[in-house]
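> Here you go, sequence then predicted model.
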Amino acid sequence: MQSKNPEGSGAEVSEWADGAHRNAVGLASVLGVTQEQYAGDPLTLLPGLQSYVDRLPLGEFEQPDWITLHTDLTSYLGDLLVRRRGAAWKKVDDQSSPAGYRYLIEAKGLDGKTYRVEPFDVVMEEFENPPIEIARMIANAEAVLHVTPVIDEDALSDSPPGDDFSIDGR
């Protein structure tokens with residue numbers, strides 16, 4: 001599957017997207033998910049990746065360990081959004097960044113508007129709010145991109161009696 005990049009984004013963005021994909025596929029391979037399985041659905045990596053992260057001795061991590069984990073999770077998140085949600089990597093100028101630019105993910109939301117999220121920041125937020133939950137990380141990025149329906153919590157609580165849904169039917 002080809003990377004989905006906006007027209008005119010240039011070789012740098014394409015190289016970035018390809019690197020993120022290669023890193024995500026390599027991570028999948030290490031965790032027992034074949035390239036074919038990953039290509040079919042990047043979510044096949046989720047259980048193994050969560051198990052891996054859960055077993056990491058985060059309290060013993062040094063800076064290089066955090067950088068590697070951050071890079072791996074950023075690559076996976078970005079690549080998953082590209083492959084599952086039709087998103088694209090985008091390079092944007094940002095003078096507050098040490099490099100002067102950032103790589104973001106851009107996608108069209110369910111409302112037809114274009115939204116952006118920075119996978120780097122989404123992953124960093126997970127680090128700041130342990131435990132690291134891969135599914136929550138994905139859900140947070142998808143919410144920012146507006147690519148999943150919003151659940152009206154009030155409407156759920158206003159359902160008439162007898163419309164309760166439960167596993168055992170009670």
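Received the coordinates, thanks. Residues are numbered from 1 along each chain as shown.
> check contacts around Pro131.
The contact partners of Pro131, taken as C-beta atoms under 8 Å, 6 or more residues apart in numbering, are Asp54. Every residue, glycine included, has its C-beta placed from N, CA and C.
> helix or strand for it, which one?
Counting by DSSP states H and E, no helix or strand carries Pro131.
> Also Trp66?
Assessed by DSSP H and E, Trp66 sits inside helix 63-85.
> what lines up beside the next helix or strand after that helix in the sheet?
Next along the chain after helix 63-85, taking DSSP H and E as the criterion, comes strand 88-93. Paired neighbours of strand 88-93 in the sheet (DSSP bridges): strand 101-108 (antiparallel).
> Now do the partner strand: distance to the chain's middle.
Centre-to-centre, strand 101-108 and its host chain are 12 Å apart (C-alpha atoms, centre = their mean, to the nearest Å).
> if we can go back for a sec, specify the angle between the helix holding Trp66 and strand 88-93 in degrees.
Interaxial angle of helix 63-85 relative to strand 88-93 (axes from the mean of the first three to the mean of the last three C-alpha atoms, to 10 degrees): 120 degrees.
> just checking, what packs against helix 63-85?
Here helix 63-85 touches helix 10-30, helix 46-55, strand 88-93, strand 101-108, helix 119-128, helix 134-145, going by 3 or more C-beta pairs under 8 Å, 6 or more residues apart in numbering; DSSP states H and E.
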